[in-house]
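>>> structure for the following, please:
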Amino acid sequence: MAGFSTPDRSRPVALWLFATAVVVFALVVVGGATRLTGSGLSITEWQPVMGVFPPSTDAAWADAFRKYQATTQYRDLNAGMSMAAFQSIYWWEWTHRLLGRLVGVVFAGPLVGFALLGRIPRRLIVRCLVLLALGGLQGLVGWWMVKSGLEGRVAVAPERLAIHLGLALVLYGALIWTALEAWFGPGRPIRPTLWRPAAVTLMLLVFVQCLLGALVAGNQAGLVDNDWPLMNGHAFPTDYWVAGWRSLLHGQAAVQFNHRLVAYAILALAAALAVGATRTRLLTPPARVLTWIVAGLVLTQVAMGIATLMAHAPLGMSEAHQALAAIVLAGATTLAWRNRRA
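Below is the predicted model of the structure:
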C-alpha cells in the first residue's frame with residue numbers, strides 16, 4: 001500500500017468515506033420518494049434492531065396494517081386502502097429505514113477497523129467521531145419527525161422534515177469534505193481572495209435551498225401557483241402572508257416563493273463564479289473546470305425545477321429534482337473545499 005497512506009492522508013480511508021456518502025445519497029433519494037408517495041407514516045413504531053425484518057406472514061402484515069389504520073393519515077386520506085396498497089407504501093418506508101441502518105454499518109464497521117490499524121490520519125480522527133455522532137442523531141431525528149404525523153396530522157410536520165433532511169445533507173457534505181481531506185492530505189496556506197468566501201457562500205446557499213425544498217415538499221407547495229416566472233399571474237404572491245409568521249414554514253405560496261428567490265440567487269452567484277473563472281489567473285485549470293461544472297449543474301437544476309413546477313410536480317420529475325439537488329450540493333461542497341487550498 002506504499003503511496004496510498006501517509007501520516008497525513010489515506011486513500012483507503014477516503015474511499016470508505018466516499019462510499020458512505022454514496023449510501024447517504026441513496027438514503028436522501030429514497031427519503032424523497034417516501035415523502036412524495038406519502039409512505040413515511042406506514043411504519044408506526046421505531047425498532048432500531050428488530051425493525052430490519054419486515055412482516056413475513058399474513059398475520060404480521062395484518063398487525064402492521066392495523067397499526068397504520070389507527071393513524072390520522074389513514075382515517076382522513078386512505079380509508080378503505082387495500083392490503084396491497086398498504087404494502088406498496090410500507091416498502092418505501094422500510095427501504096428508507098434500511099438504508100439508514102446501512103449507513104451506520106458502512107461507516108461504523110470500517111471506522112473501528114481503520115482505527116485499530118492506525119490508518120486514519122490523526123487530524124481526521126475527531127472528525128470521523130463527529131460523523132458517527134451525526135449519523136446516530138439523524139436516526140433519532142427521523143423518528144421525531146415521524147412521530148409528528150402519527151396523530152392529529154395527515155403528514156409529518158414540514159419543519160421537522162426540513163431538519164431531518166438538513167442533518168442528512170450535513171452528514172453527506174461532511175463525508176465528502178473529509179474524504180477529500182483524506183485523499184489529498186492537508187493543503188498549503190493561501191493568501192485571501194474573494195474566491196474562498198464566494199465558494200463557501202454558494203455551498204451554504206445550496207444547503208439552504210435544499211431545506212426550502214423540503215418545506216415545499218412538506219407543504220405540497222409544488223401543486224399550487226404552477227406558472228412561471230409569475231405566481232398565479234402575480235410577480236409577488238397575494239397569499240404570501242396568509243398565516244402570519246407561520247407562512248414561512250407552512251404557507252404554500254410563501255415557501256414556494258422563497259424557494260424561487262434562493263434559486264435565482266444561487267444561479268446568479270454560480271454564473272458570476274463561472275465568468276470570473278474564465279477571466280482570472282488565480283485558478284488552476286482543474287479548479288476552473290470544476291467551477292464551470294458546478295455552474296452547469298446549477299443551471300440544469302434550475303431548469304428542472306421550473307419544468308417540475310409547471311408539470312404540477314409529477315413523482316418522477318420531483319425525484320430527479322431532489323436527486324440533482326444532492327449532486328449540486330456535492331459539487332458546491334467540492335468547490336468550496338478546493339478554494340481553500342493552494
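>>> what mean pLDDT would you report for the longest helix seen in the chain?
When the chain is parsed with DSSP state H, its longest helix is helix 83-117. When pLDDT is averaged over helix 83-117, the result is 95.
>>> now do that helix: which elements does it pack against?
helix 11-36, helix 58-68, helix 122-147 (3 or more Cβ pairs under 8 Å, 6 or more residues apart in numbering; DSSP states H and E). Just so you know, the C-beta spots here come from the backbone N, C-alpha and C atoms, and that holds for glycine as well.
>>> the inter-axis angle of it versus helix 122-147?
Put simply, helix 83-117 runs at 160 degrees to helix 122-147, going by axes from the mean of the first three to the mean of the last three Cα atoms, to 10 degrees.
>>> list the buried residues of helix 83-117.
For helix 83-117, a neighbour-count test (16 or more other Cβ atoms under 10 Å) marks 86-87, 89-90, 92-100, 102-104, 106-107, 110-111, 114 as buried.
>>> next, the angle from it to helix 58-68.
Taking the same axes, to 10 degrees, one finds helix 83-117 and helix 58-68 inclined to each other by 90 degrees.
>>> pull the helix or strand with minimum mean pLDDT from this structure.
Sorting the helices and strands of the chain by mean pLDDT, DSSP states H and E puts strand 5-6 at the bottom, at a mean of 62.
>>> from Thr291, how far off is Phe25?
Distance, Phe25 to Thr291, using Cβ to Cβ, to the nearest Å: 22 Å.
>>> before we move on, what about Arg281?
Arg281 is 14 Å from Thr291, by Cβ to Cβ.
>>> swap in Arg35?
To Thr291, Arg35 is 32 Å away according to Cβ to Cβ.
>>> more neighbours, the two?
Thr291 (27 against 23; other Cβ atoms under 10 Å).
>>> any idea which element the more buried one lies in?
Assessed by DSSP states H and E, Thr291 sits inside helix 285-310.
>>> what residues sit buried inside that helix?
Neighbour-count burial for helix 285-310 flags 287-288, 290-291, 294-295, 297-298, 301-302, 304-305, 308-309 (criterion: 16+ other Cβ under 10 Å).
>>> where is pLDDT lowest across those?
Ala287 (88).
>>> so who does that one touch?
Contacts here follow Cβ atoms under 8 Å, 6 or more residues apart in numbering; on that basis Ala287 touches 277, 338-339.
>>> then Ile163?
Ile163 makes contacts with 141, 145, as judged by Cβ under 8 Å, 6+ apart.
>>> that one should be in a helix, yeah?
Yes: assessed with DSSP: H, G, I helix; E, B strand; the rest coil, Ile163 lies in a helix.
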